[in-house]
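Asker: Kindly generate the corresponding structure for this input.
(chains A and B)
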Amino acid sequence: DGGITQSPKYLFRKEGQNVTLSCEQNLNHDAMYWYRQDPGQGLRLIYYSQIVNDFQKGDIAEGYSVSREKKESFPLTVTSAQKNPTAFYLCASSPVGRTEAFFGQGTRLTVV
Amino acid sequence: AQTVTQSQPEMSVQEAETVTLSCTYDTSESNYYLFWYKQPPSRQMILVIRQEAYKQQNATENRFSVNFQKAAKSFSLKISDSQLGDTAMYFCAFMNPQGSNYKLTFGKGTLLTVNP
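Answerer: The predicted structure is shown next:
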């Protein structure tokens, strides 16, 4: 089945550690996105990529990093510089020229 | 920058009744799209309905319809014959396509509860 897979579903890390969230898609979509969801805040864009080896900062990129070495994969690293990393993270993708975004099932990150 | 405002943090409706969720947005762009997404307790984001700004006709998808008032920058969602499965968080979202960039700007959401 085609879709977007985020792993793991739940992730716990100690404060000060970097952590990488996985996002893989087999939809052959060119564009991929990372959003952060906090209670009462809706979804906010962290990073997006329109093509392999290229990505742009979104509205809240500080403390995060990404890579896009393969079309199918867009991992997000939450660094120790992110001051409040506990949140729900959603990955999405979309085909070129289409407005519909397809979302993964999300990763709940808890930093203790 | 575009902003999307959902003024109702929570709403409730009785099963089989009709409910309307409000959304307003601010933009200086003329070419854009508006969306309603549903996020049930599973947290999977599901596209409910899409409206293209240049189309005057309001979009409909089965029990879901929108009231798009372009001049007022208003985009409300009407759910008819509400069902228990409609219980979810609903997000209004805005997109201004630029080149191949199709990023979404979301409102803060409205939590809808359908009561039996």
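Asker: Only C-alpha atoms from now on, for both contacts and neighbour counts.
Answerer: Will do.
Asker: ok, how many other residues are close to A:Arg98?
Answerer: 11 (other C-alpha atoms under 10 Å in any protein chain shown).
Asker: which residues sit in contact with the nearest residue to it once chain neighbours are set aside?
Answerer: Distances taken as C-alpha to C-alpha, 6 or more residues apart in numbering or on different chains place B:Tyr102 nearest to A:Arg98, at 8.0 Å, with adjacent residues excluded. For B:Tyr102, the contact set (C-alpha atoms under 8 Å, 6 or more residues apart in numbering or on different chains) comprises A:Ser94, A:Arg98, A:Thr99, B:Met95, B:Asn96.
Asker: taking those residues one by one, which sit in strands?
Answerer: Using DSSP state E, the members of those that fall within strands are A:Ser94, B:Met95.
Asker: How is the residue positioned nearest the centre of chain B classified with respect to secondary structure?
Answerer: For chain B, the residue nearest the mean C-alpha position is B:Trp36 (2.9 Å; C-alpha atoms, centre = their mean). Three-state assignment for B:Trp36 (DSSP: H, G, I helix; E, B strand; the rest coil): strand.
Asker: And A:Asn53, how close does it get to A:Arg68?
Answerer: Per C-alpha to C-alpha, to the nearest Å, A:Asn53 is found 5 Å from A:Arg68.
Asker: In this structure the residue nearest to the centre of chain B contacts B:Met95, no?
Answerer: No: using C-alpha atoms under 8 Å, B:Trp36 is not in contact with B:Met95, being 11.5 Å away.
Asker: Can you get me a residue count around the closest residue to chain A within chain B?
Answerer: Nearest to chain A in chain B, going by C-alpha to the nearest C-alpha, is B:Lys108, at a distance of 3.9 Å. Using other C-alpha under 10 Å, B:Lys108 is surrounded by 25 other residues.
Asker: How about it: what's its closest non-neighbour residue?
Answerer: Residue nearest to B:Lys108 in three dimensions, not counting chain neighbours: A:Gly42, with 3.9 Å by C-alpha to C-alpha, 6+ apart.
Asker: Could you pull up the contacting residues of that neighbour?
Answerer: B:Phe91, B:Phe106, B:Gly107, B:Lys108, B:Gly109.
Asker: repeat that with 6 Å
Answerer: B:Gly107, B:Lys108, B:Gly109 (C-alpha atoms under 6 Å, 6 or more residues apart in numbering or on different chains).
Asker: got CSV for those residues, with pLDDT and secondary structure too?
Answerer: As requested, the contacts of A:Gly42 are arranged in CSV below (pLDDT from 0 to 100; DSSP: H, G, I helix; E, B strand; the rest coil):
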residue, pLDDT, secondary structure
B:Gly107, 97, coil
B:Lys108, 96, coil
B:Gly109, 97, coil
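Asker: with those in mind, which one is nearest to B:Thr20?
Answerer: B:Thr20 has its nearest neighbour among those in B:Gly109, at 13.4 Å by C-alpha to C-alpha.
Asker: Could you report the pLDDT at the residue nearest to A:Lys71 when sequence neighbours are not counted?
Answerer: Nearest residue to A:Lys71, sequence neighbours excluded (C-alpha to C-alpha, 6+ apart): A:Val52, at 5.6 Å. A:Val52 carries a pLDDT value of 94.
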